[in-house]
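In: Predicted structure and sequence below. I'll ask about it afterward.
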Amino acid sequence: MNEEFKVKFRGVRGSYPCANKKFMQYGGNTSCVEVRVGGHLIILDAGTGLIELGSELLKDHIMSGSHLKDRKPIEATLLLSHIHQDHIIGFTFFAPNHIPTTKLNVFGTSNYNEDLADELAQLLFTKTFPIDLGDIAANLNICDIDETECIILRHGSDPIIKRVSEDDIEVLLDDVVITSYKSYAHPQEGVVIYKIEYKGKSLVYATDKETYFGGDKKLANFARGCDLLIHDTQYTTEDYLNPHAPKQGFGHSTFDMALECQDYCHAKKVIFFHFDPSYDDDKLNSIAKIYGDLADKADFAYEGLEINI
């Protein structure tokens, strides 16, 4: 059995992608994180960073066999934090969607009294793309979840959905367990915070949430003792509190908020993530100098960064 728990950042930008030479070091693609855990592929969000990942998966699929029937199918679980454009725009250009043998399970939360599948169809396909969601060739399963449910990934089985409160939840040694809760500290229907657990190790993905100064007890309890905390850091404290153009209430956190959360939940390491598109490489490097003495407990995400948990 594959024992790996590896994270690779595919897109670390917030709001919109940046195609400019000033963004080469950290990258200009929007949110997408690849997680390889226990032989499963989990993808956190479907920003433009998903496109390159999809191309690599397609290449590996083609190289796995000389004939269609011999090729290894692409299987993945996609976890959507919310349906703002920067977190879903890569989905329509995800190459494995157009391979009939692909099996893609998509999880997220319903918003605006509509289920996730209907929302994705309207936002990405109906009037904005040449094909409809129903025309995708892949075996696509789109499912609404809420914080009362957990997802169990088990080899040889479709994802298992269980109520967290159920006493009869059987978790096997090689199972990957995904739990979540919905935070409303982000405008328009909030955002889902995810935790991925495998053999005593855990990752928490907390993007697009405004932690506020003084901490977020719910997030701290949810992420307590995690090995890796990926936390929204769209703004510096200076920009967040700018009296002329304050960013309070925009649904995003600062670098100091992320560190405060790490201290509260005792995460082993926090990754600064979801950078404002106005923060080019020079700006982020200047911010990195401020937090340079925290290298053992904090790091800046960039496209291609790999972390073994």
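Out: Received, thanks. Numbering: from 1, shown residues only.
In: Please make it C-alpha for all contacts and neighbour counts, starting now.
Out: Noted.
In: quick one: terminal-to-terminal distance for stretch 129-142?
Out: Taking C-alpha to C-alpha, to the nearest Å, stretch 129-142 runs 19 Å from one end to the other.
In: Which parts of the stretch 201-309 of the chain are helices?
Out: 217-222, 237-240, 255-265, 281-290 (DSSP state H, counting those that start in this stretch).
In: mind putting the ones you listed in CSV, mean pLDDT, mean neighbour count and distance to residue 119 included?
Out: Shown next, in CSV, are the helices of the stretch 201-309 of the chain (pLDDT from 0 to 100; neighbours: other C-alpha atoms under 10 Å; distance: least, C-alpha to C-alpha, whole Å):
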stretch, mean pLDDT, mean neighbour count, distance to residue 119
helix 217-222, 94, 15, 27
helix 237-240, 96, 15, 31
helix 255-265, 95, 22, 30
helix 281-290, 97, 13, 34
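In: Distance to residue 31 for those helices - can I get that in TSV?
Out: Converted to TSV, these look like this (distance: least, C-alpha to C-alpha, whole Å):
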stretch	distance to residue 31
helix 217-222	20
helix 237-240	21
helix 255-265	17
helix 281-290	17
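In: Tell me which of those helices approaches residue 10 most closely.
Out: The closest of the helices of the stretch 201-309 of the chain to residue 10 is helix 281-290. By C-alpha to C-alpha, the value is 16.6 Å.
In: Contacts for the closest one, please.
Out: 22-26, 300 (C-alpha atoms under 8 Å, 6 or more residues apart in numbering).
In: wait, which of the residues you listed is closest to residue 208?
Out: With C-alpha to C-alpha as the yardstick, the closest approach to residue 208 among the contacts of helix 281-290 comes from residue 300, at 16.1 Å.
In: low-confidence ranges in the stretch 201-309 of the chain?
Out: Along the stretch 201-309 of the chain, the parts satisfying pLDDT under 70 run over 213.
In: where exactly do the strands run in it?
Out: Along the stretch 201-309 of the chain, the stretches classed as strands by DSSP state E, counting those that start in this stretch are 201-206, 228-232, 270-273, 298-300, 306-308.
In: Many thanks, I have nothing further to ask.
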